[in-house]
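[1] fold the following and give me the result.
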Amino acid sequence: MLIAKNLSYENSDGKLFENVDISLDSAAQKRVAIVGKNGCGKTTLLKLLLGKLEPNTGTVSVSREVIAYLQQDTEFPDENQTVEQYLTTKLEEDWMTYKITMVLDEVGLAPEIANVELKNISGGQRVRIGLAEVLMTEPTILLLDEPTNHLDKESIEWLIGFVNGFKGSVAFVSHDRHFINEVADQIWEITNHHIEVYGCKYDEFLIERYQRYEKMMAAHEFSQREVTELEAWLAENANHPKYKFTATVAQKKKALERMEKKAPPEPIPDPRVKMHDIAATEKGTVLSLKIDKKSFPSDDGEREILKDVELKIDARDRILLKGPNGSGKTTLLNIIAGDDKDFEGKRIMRENIKVGYLRQFSNLDSANTVLDEFGKQTAIEYTMRRNILAKYLFPEEFMETTIKNLSFGQQRRLEIAILLTNKPSLLLLDEPTNHLDIFLREDLERFLLEQDVAMCIISHDTYFIEKIGITRTVELK
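    Numbers count the residues shown, from 1 in each chain. All right, here's what the predicted structure looks like:
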C-alpha cells in the first residue's frame with residue numbers, strides 16, 4: 001500500500017500542499033485522475049509519492065508495492081539508439097532480454113519496432129515505449145503524467161484500454177476530459193493546498209464540485225448574516241440603559257468572537273483568463289494552397305509525407321486537420337504558415353493577413369523572463385506588459401521568473417497570451433489544449449466560439465473539437 005500522511009510541501013514559489021492524507025492500494029485497482037489548475041503541484045505530487053522529492057513535513061510509505069512512473073513528454077538520452085538497445089539498458093540482468101519482446105507486445109507494438117531508431121518513432125509510439133520501459137519493473141501501481149499528450153485519437157483509445165486493463169492501481173495527471181471520463185473512478189482535485197477527493201467520473205465531478213462550492217458559499221453567507229445581525233444588535237444596544245449593566249452584552253460579544261473564529265471562509269471562485277478579442281477576418285478567401293509533393297530525406301532516399309493536397313481557407317472557416325500520427329498534419333500547418341517553403345506546389349496568401357501560429361512544442365526562449373519574452377514576441381511597450389500578462393493569470397511575482405522555471409501549462413498560457421496579443425487574422429493551432437488545465441481549456445473554447453477569424457486546427461481533444469464549432473474537416477491519410 002502507498003500511504004501519504006500529513007504531507008506538506010513548498011517550493012520557491014510558495015506553499016503547494018498542507019496536511020494532505022491520501023493512499024493507493026493495488027488490490028483496489030483504483031483509477032485516480034489528479035486535476036487542478038496549472039502550477040498547483042500535480043507533477044510535484046507524483047514525485048512526492050514516488051520518493052523523488054522530500055516533503056517538508058509528513059511521510060510517504062510504501063508496503064508490498066512496486067511503483068512505476070511515466071514522466072510527461074517521454075525523452076530518451078540517445079535518439080540514435082534502436083528501441084531494443086534502449087530497453088536493453090533498462091534490464092536488471094543481461095539474461096532478461098525476453099522481457100523486451102514481452103513488454104512490447106503488452107503495449108501493442110509489433111516486434112519489428114525493436115530495430116527502429118528512437119528518432120524515427122512517432123509521439124504515440126514514444127508513449128508506448130515509455131510504458132514498455134516501466135512495465136519491465138512489473139509494477140503494481142502506475143503513476144502517469146499527462147500520458148495523452150501528442151497522441152492521436154487511435155492511440156488515446158488504445159491507452160484507455162491499456163489503463164483499464166492494468167492489474168493494479170493507476171494515478172494519473174491529465175487534462176483530457178474524454179480520457180478521464182473513460183478511465184477514472186476517483187478524482188483528486190488539488191485546490192487551496194489541499195486535495196479534495198471525488199468518487200466519480202469527470203462529468204459527475206463537475207456537478208458535485210459545483211454543489212460543494214454552493215454549499216460552502218451558503219454556509220459562509222449564513223455565517224456572515226449571523227455576524228452582521230449580532231454586530232448590529234451590539235451597535236444599537238451595547239450602551240442602552242436596559243442592557244448596559246447586564247451580562248447580556250458580554251455574552252453577545254463572546255458569541256460574536258466565537259462566530260468570527262469559526263466562520264467558514266468564503267470559497268474562492270475559479271480565476272478566469274481574460275483573452276484579447278481578435279478583429280474579424282474580412283470576407284473572402286484567405287489562402288489557397290496546392291501541394292503536389294512534400295517529402296523529407298530518409299535513409300532510403302526520401303520519404304513522401306504529402307501528395308496532391310489542395311486546400312482553400314475562407315474567412316469564417318474553422319478547419320480541423322485530421323489523421324493519424326505521422327500523416328503530415330503539422331507539416332501542412334508549417335506550409336500554411338509559410339515556415340516551410342520546401343515543397344512542390346503553390347501557396348497564395350491574401351495581402352495583409354497576419355498569421356498567428358500556436359505550435360505543438362514551445363518555441364519560447366527558456367533563458368528569458370516572462371516579462372522579457374512577452375515583450376520580445378509582441379513589441380508591447382514595457383508599461384503595458386504587466387497589465388496584459390495579469391489578464392492571463394500571471395501575478396506580479398511571476399514577471400521576473402525565467403521561462404525554464406515555469407510549468408508546461410504556464411508556458412502554454414504565456415504562448416497563448418503572445419498569440420492573441422498580436423491579433424492574428426488567421427489562427428493556426430497545433431494541439432492547442434496540450435498542457436492546459438481543464439479550466440483554461442474551457443476558457444479557450446468559449447473564447448474561440450466568439451471570434452470571427454479563420455482557423456486551422458489540429459487537435460485530438462474530443463471535448464475541445466465538439467465545443468468550438470468546426471465547419472470543415474480535412475483528413476490526411
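[2] tell me, how many residues neighbour residue 5?
    Residue 5 is flanked by 15 other residues according to other Cβ atoms under 10 Å. For glycine as for every other residue, the C-beta is placed from the backbone atoms N, C-alpha and C.
[3] same thing with residue 386?
    For residue 386, the count of nearby residues is 15 (other Cβ under 10 Å).
[4] that one contacts residue 398, doesn't it?
    No - applying Cβ atoms under 8 Å, one finds residue 386 not in contact with residue 398, separated by 10.1 Å.
[5] my guess is residue 243 contacts residue 249. True?
    Yes - with contacts counted by Cβ under 8 Å, residue 243 reaches residue 249, the gap being 5.4 Å.
[6] give the residues shared as contacts by those two.
    Residues touching both residue 243 and residue 249 by Cβ atoms under 8 Å, 6 or more residues apart in numbering: residue 237.
[7] now the top helix by length along the chain: buried residues?
    Of all the elements of type helix in the chain, the one with the most residues (DSSP state H) is helix 202-237. Applying a neighbour-count criterion of 16 or more other Cβ atoms under 10 Å, the buried positions in helix 202-237 are 202, 205-206, 209, 223, 230, 234.
[8] now whichever helix or strand comes after it and helix 202-237, what's the angle there?
    Moving toward the C-terminus from helix 202-237, the next helix or strand (DSSP states H and E) is helix 247-262. Compare the direction of helix 247-262 with that of helix 202-237 by axes from the mean of the first three to the mean of the last three Cα atoms, to 10 degrees and you get 150 degrees.
[9] return the distance of helix 247-262 from the chain's centre.
    Its chain's C-alpha centre and that of helix 247-262 lie 47 Å apart, by Cα atoms, centre = their mean, to the nearest Å.
[10] what of stretch 294-308?
    From the chain centre to the centre of stretch 294-308 is a distance of 33 Å (Cα atoms, centre = their mean).
[11] give me the residues contacting that stretch.
    Judged by Cβ under 8 Å, 6+ apart, the contacts made with stretch 294-308 from elsewhere in the structure are 291-293, 327-328, 331-332, 335, 340, 342-345, 476.
[12] let's go with 10 Å and repeat that
    The list of residues contacting stretch 294-308 from outside it, by Cβ atoms under 10 Å, 6 or more residues apart in numbering, reads 117, 120, 290-293, 309, 326-332, 334-335, 340, 342-345, 476.
[13] generate a ChimeraX selection restricted to the buried subset of the residues you listed.
    Buried subset of those, written as a ChimeraX selection, criterion 16+ other Cβ under 10 Å:
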select :120,291,309,326,327,328,329,330,331,332,334,335,343,345,476
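[14] out of the contacts of stretch 294-308, which are inside helices?
    Secondary structure from DSSP H places 329-332, 334-335 of those in helices.
[15] residue 381: which of those is nearest?
    Nearest to residue 381 among these is residue 334, at 31.1 Å by Cβ to Cβ.
[16] now the closest one: closest residue in space that isn't a chain neighbour?
    Nearest residue to residue 334 in three dimensions, chain neighbours excluded: residue 340, at 4.0 Å (Cβ to Cβ, 6 or more residues apart in numbering).
[17] could you list every residue that touches that neighbour?
    Residue 340 is in contact with 294, 330-334, 347, counting by Cβ under 10 Å, 6+ apart.
[18] how about the residues you listed, which pair is most distant?
    Of all pairs drawn from the contacts of residue 340, the greatest distance, 16.2 Å, lies between 330 and 347 (Cβ to Cβ).
[19] element containing residue 311, please.
    Secondary structure (DSSP H and E) places residue 311 in strand 301-314.
[20] what pairs with that strand, parallel or antiparallel?
    If you go by DSSP bridges, strand 301-314 pairs up with strand 285-298 (antiparallel).
[21] quick one: residues contacting the closest residue to residue 401 other than its chain neighbours.
    Closest residue to residue 401 in three dimensions, ignoring its sequence neighbours and counting by Cβ to Cβ, 6+ apart: residue 370, at 5.5 Å. Each residue near residue 370 by Cβ under 10 Å, 6+ apart is listed here: 364, 385-386, 389, 392, 394, 398-403, 405-406, 410-411, 414, 417.
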